[in-house]
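S.K.: A predicted structure for the sequence below; I have some questions about it.
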Amino acid sequence: GQQVMQIPQYQHVQEGEDFTTYCNSSTTLSNIQWYKQRPGGHPVFLIQLVKSGEVKKQKRLTFQFGEAKKNSSLHITATQTTDVGTYFCAGNYGQNFVFGPGTRLSVLP
Amino acid sequence: GAGVSQTPSNKVTEKGKYVELRCDPISGHTALYWYRQSLGQGPEFLIYFQGTGAADDSGLPNDRFFAVRPEGSVSTLKIQRTERGDSAVYLCASSLVGGSTYNEQFFGPGTRLTVL
């Protein structure tokens, strides 16, 4: 079946340090989405990547989609305390979505 | 504008009981998804509706789970003979369109189901 893995599971950084989470699918994806979930909240959409090798930036966030459309990454430059939360990738296989287990980011001030 | 709403926000029931969870998607959104999320895990796909029909129900764990969307708007997730393992947060999401097109999902706040 379709599986989406994410590493690391947890990441603790000092404010101002960079952060990266990696997402891997067992099979080729139609597209991939990234979500952020704050503690006690619900997932909030960040971005969708569709094209092979696509790179998108949102301020301090950089998203990449692999050439084979099986992996993706989210990089945050100079983390801030407002970046705290769990980051999920969600692989789209045409109809349904398979979410990864998430990377929980904590930022120490 | 109104986002996705879910009721109830919390539901406590006893093992063996029947429960219904309701989702009101954003007006005009044709796609609706149900997920469940256990503590410390990612949302687990249950079912996807495109309009009134279930386009993909491959995530429903067994025949105790059933969902409907009779008019292509509000959806109800129904769980029969609840078990303690059904305890989780049930999330609903809607998007303007579904399938593999651009389909940003807007999530509701979830219903926390506790089966005693």
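M.R.: Yep, that arrived.

S.K.: Distance check, the residue nearest the centre of chain B against chain A.
M.R.: Closest to where the C-alpha atoms of chain B average out (Cα atoms, centre = their mean) is B:W34, at 3.0 Å. Using Cβ to the nearest Cβ, to the nearest Å, one obtains 11 Å as the distance from B:W34 to chain A. Every C-beta, even on glycine, is put in place using the N, C-alpha and C of the backbone.

S.K.: Can you tell me which residues in chain B are near chain A?
M.R.: The interface of chain B toward chain A, taken as Cβ under 8 Å from any Cβ of the partner chain, is made up of B:33, B:35, B:41-45, B:48, B:55-56, B:58-59, B:91, B:93, B:98-100, B:102-110.

S.K.: lowest confidence element among the helices and strands of chain A?
M.R.: For chain A, using mean pLDDT, DSSP states H and E, the weakest element among its helices and strands is strand A:97-99, scoring a mean of 94.

S.K.: What's the first helix or strand after that one?
M.R.: strand A:103-108 (DSSP states H and E).

S.K.: Okay, buried residues for that next one please.
M.R.: A:T103, A:R104, A:L105, A:V107 (16 or more other Cβ atoms under 10 Å in any protein chain shown).

S.K.: Check stretch B:91-98 too.
M.R.: Going by 16+ other Cβ under 10 Å, stretch B:91-98 has these buried residues: B:L91, B:C92, B:A93, B:S94, B:S95, B:G98.

S.K.: Check which helix or strand the third one maps to.
M.R.: Under the criterion of DSSP H and E, B:A93 resides in strand B:88-95.

S.K.: name the helices or strands packed onto that strand?
M.R.: With contacts defined as 3 or more Cβ pairs under 8 Å, 6 or more residues apart in numbering or on different chains; DSSP states H and E, strand B:88-95 has these neighbours: strand B:5-7, strand B:19-24, strand B:31-37, strand B:75-79, strand B:106-107, strand B:111-115.

S.K.: Neighbours of B:A67, how many?
M.R.: Burial of B:A67 is recorded as 22 neighbouring residues (other Cβ atoms under 10 Å in any protein chain shown).

S.K.: Any chance you could list what contacts the helix or strand that it is a member of?
M.R.: Element membership of B:A67 [criterion: DSSP H and E] is strand B:65-68. Residues outside strand B:65-68 that contact it (Cβ atoms under 8 Å, 6 or more residues apart in numbering or on different chains) are B:34, B:46-47, B:49, B:54, B:57, B:60, B:75-80.

S.K.: Need the max-distance pair from those.
M.R.: B:F49 and B:Q80 (19.6 Å; Cβ to Cβ).

S.K.: So the two - more neighbours on which side?
M.R.: For B:F49 versus B:Q80, neighbours defined as other Cβ under 10 Å are more numerous around B:F49 (24 against 13).

S.K.: List the buried residues of stretch A:27-40.
M.R.: A:L29, A:N31, A:I32, A:Q33, A:W34, A:Y35, A:K36, A:Q37.

S.K.: So what's the gap between stretch B:8-24 and the chain middle?
M.R.: Distance, stretch centre to chain centre, for stretch B:8-24: 11 Å (Cα atoms, centre = their mean, to the nearest Å).

S.K.: picking up where we left off before, and the helices and strands packed on strand B:88-95, which is most packed in?
M.R.: strand B:31-37 (a mean of 25; mean count of other Cβ atoms under 10 Å in any protein chain shown).

S.K.: Sheet-wise, list the partners of it with their directions.
M.R.: strand B:44-50 (antiparallel), strand B:88-95 (antiparallel) (DSSP bridges).

S.K.: Perfect, that will be all.
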